[in-house]
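Asker: below is the structure, and that's it, no one-letter string:
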């Protein structure tokens, strides 16, 4: 039978994920991928996980495998309070909702807040997964201007001044795709602006624990606690396959997040939440995180060094102090999607930056480079190859 | 700050879960709950799970903890093909989508199919979790009549004849809440009707593996494969806390389910899917399922015997050959919610049946009784107490 006539209106407006299509070539043999956005498998604490499974089965028994409250596994919510305290975020167990990855939080936020046509303000460029979570609820996206220091507060104020913004979505630290971090002074301005306009801001913070240099910067949540839903994840510091994300949200927002999450997946995996609880409260995270950082820091340094060494002078790129990405921008009129296919022919892949913009004519000359999945030598070689392709195609 | 003005239209129509509210008393000390809908914790194969964690870490290594395709973990999808074959359902790996519990499938179905005001046909009474999944997408529910043998085919035909039904949602085997099973002859009629009207039916089958007597009945999926999305779960035969549900769907439906699931939670837990894959393909499920059945069969027999022994003659109840529930109906004008509070005062809880109806004036005289969470002696005593309350209040 045919089913097209059965699809909901929201489904008809959904795009097939174009980025997924063009990245299919990445799995070709011999390809060096700087396109990924995922942690290195060698960063996963397999031995610790093995130990944790025994701890969890001994400590919680069948409770770790039973249905559990939608809000999250009690011991995980408790230990997250301490974890967040270290990031300067004050919370109680009741403030915290655990979800199936950050993606689960983003979906629930879209579901409770976005009616068709509602205006959601996002950075240009922004995180694609957030757009995928929000788009089925049919918002209109409003672009916020950014520079090398992330969101420009004046742009935010101007957009809010226009009125009618449902919420703002922001990744202020080591942003995906740009790697950029909003400095403290700007965060203070942003906090003041959202308080002034009595607006809700979604602060998505998956990367701040991956800091290779410099000092931690306070979250916007800590500067405007009543106006911010803070989202984070254990995907980058534990293992993404366990799908553990969480948020700290103002009470009314959290109440509705719980109600919709109940309809979406009842609750997230109890077992995985119990593993996560023991990973944090047992001190394993504190011991393991430096190993992840020691793995990624030289990779990032290798990429920055290779860009300095090989890339032409008319390119600019970000120099983040952490995270997983570097953002490069070519000269005017350069087209990084056209270049993509030339690079792929030389067995190097990246993500053309235009896919991270909500309007289709922006970011044509940009690219996102990932350094977590590849060792230093391979990074040097791949950036060298990419630079050759650039020089050949763009000169 | 206030947030009420930020809520989406769909959120404003959502109910706080009333059933959850009235069931809060169930956790009072000394309460015997026949209200639950969950497996007995002693049915969980803890030792097997411990063994499986080692197998999974050895066999799949970091792959079991990495991001994974939205469709599901390859080895699980492969072994589910064989598992479904035993239930008479022919499928290929590509037909199968794994989700975060059946609830994850139900949410994705609602998301891709339901526009505001679309008509969805459900049994009266029906499974509450399905309503919680669909309601945020703002359907109008159309009730289908049922009797002791489940859905009445004539009622289905009449509703479809009226036109405008987006899809039908059905739990044909050991239904929640009634325990009823649609016999083969009716399934054939239902299959013929949905083919005739070229309609999509969602067959939700969480319980058919929990059969204590009688012989298995073919799924509606096997009788009308092109018109049915078949949903099942490992929650009742492995462990619900792992959140592993799955569906077999026609190609176009599946394609959109994958696209929306990507926005909802990216994918379900890789680790838990790997555990599930090894649980099935390693033969553990085949060895463990009889133990679950041996645990539940005497509990169900004890409940049926106690109902025969204690309940007044003007009550009727279902006599299912499996599943987790028995459905009891009192005489005309009896009110099982009023009775609920009297029963709770005597430390016995159940679910008033009216909560399983989409219209608020039905099922006033019905109750759902669960037998999986309580041992035989306690069941006998609880049913005896309940019968005393009934006799006192309804005579």
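Answerer: Received the coordinates, thanks. All figures in this text were calculated on a predicted structure; none of them were measured in a lab.
Asker: identify each buried residue in the least confident helix or strand in chain A by mean pLDDT, please.
Answerer: Least confident helix or strand of chain A, by mean pLDDT, DSSP states H and E, is helix A:18-22 with a mean of 76. Applying a neighbour-count criterion of 16 or more other Cβ atoms under 10 Å in any protein chain shown, one finds residue A:22 buried in helix A:18-22. Quick note: C-beta positions are derived from backbone N, CA and C, even for glycine.
Asker: how far off centre is that helix?
Answerer: In terms of Cα atoms, centre = their mean, to the nearest Å, the centre of helix A:18-22 is set 18 Å apart from its chain centre.
Asker: now do it: which elements does it pack against?
Answerer: Packed against helix A:18-22 by the contact rule (3 or more Cβ pairs under 8 Å, 6 or more residues apart in numbering or on different chains; DSSP states H and E) you find no helix or strand.
Asker: contact partners of that helix?
Answerer: Here helix A:18-22 makes contact (Cβ atoms under 8 Å, 6 or more residues apart in numbering or on different chains) with A:128, A:337, A:340, A:351, A:352, A:355.
Asker: one more time with 7 Å
Answerer: For helix A:18-22, contacts defined as Cβ atoms under 7 Å, 6 or more residues apart in numbering or on different chains pick out A:128, A:340, A:351, A:355.
Asker: cool, and stretch A:310-329?
Answerer: Counting by Cβ under 7 Å, 6+ apart, A:37, A:148, A:174, A:176-181, A:207, A:210-214, A:303-304, A:307, A:330-331, A:353, A:365-372, A:383-384, A:387, A:390-391 sit against stretch A:310-329.
Asker: how about the residues of the stretch 151-300 of chain A by chain B?
Answerer: A:166-167, A:198, A:200, A:226-227, A:239-243, A:250, A:252-253, A:256, A:259-260, A:262-266, A:268-272 (Cβ under 7 Å from any Cβ of the partner chain).
Asker: show me the residues you listed that map onto helices.
Answerer: A:252, A:253, A:256, A:259, A:260, A:262, A:263, A:264, A:265, A:270, A:271, A:272 (DSSP state H).
Asker: residue A:295 and chain B, how far apart?
Answerer: Applying Cβ to the nearest Cβ, to the nearest Å, one obtains 13 Å for the distance of residue A:295 from chain B.
Asker: domain parsing of chain A, as residue ranges.
Answerer: Annotated domains of chain A cover A:4-44+A:287-394, A:59-284 [automatic domain parsing].
Asker: now do the same end-to-end measure for the longest one.
Answerer: For domain A:59-284, the first-to-last residue distance is 16 Å (Cα to Cα, to the nearest Å).
Asker: what is the rounded mean pLDDT of that domain?
Answerer: In this model, domain A:59-284 has an average pLDDT of 97.
Asker: can you pull the buried residues of stretch A:312-324?
Answerer: A:315, A:317, A:318, A:320, A:321, A:322, A:323, A:324.
Asker: again, but for stretch A:31-43
Answerer: Buried-residue list, stretch A:31-43, by 16+ other Cβ under 10 Å: A:32, A:33, A:34, A:35, A:36, A:37, A:39, A:40, A:43.
Asker: could you confirm whether it reaches chain B?
Answerer: Yes. Stretch A:31-43 is in contact with chain B by Cβ under 7 Å from any Cβ, via A:38, A:41.
Asker: start to end distance for that stretch?
Answerer: 21 Å.
Asker: need the contact partners of that stretch.
Answerer: A:23, A:26, A:176, A:236, A:240, A:292, A:295, A:324, A:347-351, A:369-370, A:372-374, A:378, A:382, B:62, B:66-67.
Asker: what subset of those is buried?
Answerer: Buried among these (16+ other Cβ under 10 Å): A:23, A:26, A:176, A:236, A:240, A:292, A:324, A:348-351, A:369-370, A:372-374, A:378, A:382, B:62, B:66-67.
Asker: ok, residue A:70 - contacts?
Answerer: A:258, A:261, A:262, A:266, A:267.
Asker: if you set the cut-off to 10 Å instead, what comes out?
Answerer: Contacts of residue A:70 were listed using Cβ atoms under 10 Å, 6 or more residues apart in numbering or on different chains, and they are A:97-99, A:257-268, B:17, B:20.
Asker: for chain A, what's the longest helix?
Answerer: From DSSP H, the single longest helix across chain A is helix A:284-310.
Asker: partner strands of the next helix or strand after that helix and their direction?
Answerer: Where DSSP states H and E defines the elements, the next helix or strand beyond helix A:284-310 is strand A:316-317. Neighbouring strands of strand A:316-317 in its sheet, by DSSP bridges, are strand A:325-329 (antiparallel).
Asker: just the mean pLDDT for the partner strand, thanks.
Answerer: On average, strand A:325-329 scores 98.
Asker: do the same with stretch A:371-391
Answerer: Mean predicted lDDT for stretch A:371-391 stands at 97.
Asker: and it with chain B, contact?
Answerer: No. Stretch A:371-391 does not reach chain B (Cβ under 10 Å from any Cβ of the partner chain); its nearest approach is 10.6 Å.
Asker: any idea how far residue A:247 is from residue A:258?
Answerer: 11 Å (Cβ to Cβ, to the nearest Å).
Asker: helices of chain A, start to end?
Answerer: Under DSSP H, chain A gives helices at A:9-12, A:18-22, A:46-60, A:74-86, A:101-113, A:128-134, A:153-161, A:184-196, A:220-223, A:251-265, A:270-281, A:284-310, A:336-345, A:376-394.
Asker: list the contacts of the residue lying closest to residue A:339 once chain neighbours are set aside.
Answerer: Closest residue to residue A:339 apart from its sequence neighbours, by Cβ to Cβ, 6 or more residues apart in numbering or on different chains: residue A:393 at 5.6 Å. By Cβ under 10 Å, 6+ apart, the contact set of residue A:393 is A:334, A:335, A:338, A:339, A:342, A:343.
Asker: and if you look at residue A:228?
Answerer: A:89, A:168, A:170, A:190-191, A:194, A:199-203, A:219-222, A:248-250.
Asker: which ones are touching the closest residue to it other than its chain neighbours?
Answerer: Residue nearest to residue A:228 in three dimensions, not counting chain neighbours: residue A:221, with 4.3 Å by Cβ to Cβ, 6+ apart. By Cβ under 10 Å, 6+ apart, the residues touching residue A:221 are A:84, A:87-91, A:172, A:187, A:191, A:201, A:203, A:205, A:227-232, A:247-249.
Asker: residue A:385 now?
Answerer: Here residue A:385 is in contact with A:32, A:310, A:343, A:346, A:347, A:348 (Cβ under 10 Å, 6+ apart).
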